[in-house]
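Chemist: Here's my sequence, what's the structure:
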Amino acid sequence: MPIPEDDATRHLSAEALRLYGAIAAQQWDTAGAVQADNPNARQELLAWGLISDEERPVARDPQHALRTMVSRELEKARQHIDLVATMPDLSRDLIREYRQVQLRAGDSSVYLADQDTVNTRLKDVVGGARREILAAQPGGPRSRELLEIAVARDTAALDRGVDLRTIYRDTVRDHAVTAEYARTMSARTAGRPAQYRTLVGDFERMVIVDREQAVVSDHIVAGSPPHAAWLVTDPAVVAVLARVFEATWRRAQPWCGELTSRTGGVDTVSGMGGVRTDRRQRGILRYLCAGESQPATARKMGVSKRSLESEISVLKGRWGVRTLNELIFQYALSPDRLIDDTDHAPGAGEGGEQAVA
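Modeler: Numbers count the residues shown, from 1 in each chain. From the prediction side, this is the model:
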């Protein structure tokens, strides 16, 4: 295998000198033997310009060859000197470019410059959720196309046992499409239900997954597009964002997808879609909300304590909560509390589900 020209011109080996002498004396048997033992010797002589490139090479005047070599090496040296002279400017340019790259793609945050990139990365992050998705969406009502995509994505996460909590701006309560989506996801009986709340006023957009990754709006890059964002993985930053979300969640009002009613009762546009309970379950919850103990509630409802505990467990799952206090709180703010279950309620059928006028 021929050696690289740069290596061949660094020195001339003893084998190459022997071969040059044999070629100069036209001792072809000796030249052939040297080449057979040392295949690189011929390449060295060619690199130095000491022989012609023929089957039977001709030895060239070494003085001319060396002058050519010196000129070539001096030219390389001048090029190296020119490169060294440009190093300060080059260094300054490289540092500027490096810092720009670090701003946009650091070890713990990645800049997502356009909406398609944001959606692609968000799909991957949410699709990999194992335990929890926290989403704050202040953009207002969602389009039907976006919500249809969200139903499939969120259903898959909830079926995996992922907790899903979303905060919307309060204006979604007047939007039938978003309300339909919230009713569908929060009233799930298979797997976990999603939880939604709404808030009046501004709050930061963010999606936090497993408290390990977060996608947040961009507030750094000047002139960035409206939907530009950052994917953040720094544990300290994600922990702070999760605390911000929890504080916002506590201030927000629970929402099960009921549309804002113009009469103060359960909305008549979406009908009973936001109601999760039957008549007996609401009876249990009313007693618990009134401060009755579980044994007293079981006695008044005419059921065993075990049956009551089983029903409460079902209700906790329906609202996606873990404690009795959380269940009572969710019921107290849900449209279920507005259902009139009295026997004389107009239009009350089995279960007594009738909206209060």
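Chemist: Now for the spatially closest residue to D53 that is not a sequence neighbour, how many residues are close by?
Modeler: Closest residue in space to D53, ignoring its immediate chain neighbours: L46 at 5.9 Å, by Cβ to Cβ, 6 or more residues apart in numbering. In short, each C-beta sits where N, CA and C put it, glycine included. When counting by other Cβ atoms under 10 Å, one arrives at 17 neighbours for L46.
Chemist: And the helices in the stretch 51-200 of the chain, which stretches?
Modeler: Assigned by DSSP state H, counting those that start in this stretch, the stretch 51-200 of the chain shows helices spanning 62-85, 87-104, 115-127, 144-159, 176-186.
Chemist: One more: the stretch 251-357 of the chain?
Modeler: Secondary structure of the stretch 251-357 of the chain by DSSP H, counting those that start in this stretch: the helices cover 279-289, 294-301, 305-319, 324-332.
Chemist: can you give me the mean pLDDT across the second one?
Modeler: In this case it means helix 294-301. Taken as a whole, helix 294-301 carries a mean pLDDT of 90.
Chemist: Any regions of the chain where pLDDT drops low?
Modeler: The model of the chain has pLDDT under 70 over residues 1-10, 95-107, 261-274, 342-357.
Chemist: what residue is smack in the middle of it?
Modeler: Geometric centre of the chain, nearest residue: V125, 3.5 Å, by Cα atoms, centre = their mean.
Chemist: right, so the helices of the stretch 51-200 of the chain: which one is the most enclosed?
Modeler: Stretch with highest mean neighbour count among the helices of the stretch 51-200 of the chain: helix 176-186 (a mean of 22; mean count of other Cβ atoms under 10 Å).
Chemist: just how off-centre is it within its chain?
Modeler: Relative to the centre of its chain, helix 176-186 is centred 25 Å away, using Cα atoms, centre = their mean, to the nearest Å.
Chemist: so what does it touch, helix or strand wise?
Modeler: On a contact count with 3 or more Cβ pairs under 8 Å, 6 or more residues apart in numbering; DSSP states H and E, helix 176-186 meets helix 144-159, strand 195-199.
Chemist: ok, and what's touching that helix?
Modeler: By Cβ atoms under 8 Å, 6 or more residues apart in numbering, the residues outside helix 176-186 that reach it are 141-144, 147, 150-151, 154-155, 158, 164, 168, 172-173, 193-196, 255-259, 269-270, 273-274, 276.
Chemist: if we can go back for a sec, name the element the residue nearest to D53 belongs to?
Modeler: helix 40-48 (DSSP states H and E).
Chemist: what angle separates that helix from helix 62-85?
Modeler: Here helix 40-48 points in a direction 70 degrees away from that of helix 62-85 (axes from the mean of the first three to the mean of the last three Cα atoms, to 10 degrees).
Chemist: Would you mind putting the helices and strands packed on helix 176-186 into TSV with distance to A31 alongside?
Modeler: TSV is the format used below for these (distance: least, Cβ to Cβ, whole Å):
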stretch	distance to A31
helix 144-159	76
strand 195-199	89
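Chemist: Relative to L50, which of the ones you listed is closest?
Modeler: With respect to L50, and counting by Cβ to Cβ, the nearest of those is helix 144-159 at 72.5 Å.
Chemist: which helices and strands sit right next to the closest one?
Modeler: helix 115-127, strand 163-169, helix 176-186.
Chemist: I'd like the ones you listed laid out as a markdown table, including distance to L66.
Modeler: A markdown table is the format used below for the helices and strands packed on helix 144-159 (distance: least, Cβ to Cβ, whole Å):
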| stretch | distance to L66 |
| --- | --- |
| helix 115-127 | 60 |
| strand 163-169 | 79 |
| helix 176-186 | 84 |
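Chemist: any idea which helix or strand carries A16?
Modeler: Using DSSP H and E, the element containing A16 is helix 14-24.
Chemist: Just the angle for whichever helix or strand comes after that helix relative to helix 40-48, thanks.
Modeler: Next along the chain after helix 14-24, taking DSSP H and E as the criterion, comes helix 28-37. Relative orientation of helix 28-37 versus helix 40-48 (the same axes, to 10 degrees): 100 degrees.
Chemist: which of the residues in helix 28-37 are buried?
Modeler: Neighbour counts over helix 28-37 (16 or more other Cβ atoms under 10 Å) mark A31, V34, Q35 as buried.
Chemist: returning to what we had before: any idea which of the helices of the stretch 251-357 of the chain is most buried?
Modeler: By mean neighbour count, with neighbours taken as mean count of other Cβ under 10 Å, helix 279-289 ranks first of the helices of the stretch 251-357 of the chain at a mean of 18.
Chemist: So which elements touch it?
Modeler: Right, helix 279-289 is packed against helix 294-301, helix 305-319, helix 324-332 by 3+ Cβ pairs under 8 Å, 6+ apart.
Chemist: between that helix and helix 294-301, how many degrees?
Modeler: For helix 279-289 against helix 294-301, the angle by the same axes, to 10 degrees is 140 degrees.
Chemist: Name the residues that touch helix 279-289?
Modeler: Residues outside helix 279-289 that contact it (Cβ under 8 Å, 6+ apart): 277, 294, 296-297, 300-301, 308, 311-312, 314-315, 324, 327-328, 331-332, 336-337, 339, 341, 351-353.
Chemist: and R173, how far is that from Q43?
Modeler: 82 Å (Cβ to Cβ, to the nearest Å).
Chemist: no no, T184
Modeler: 76 Å.
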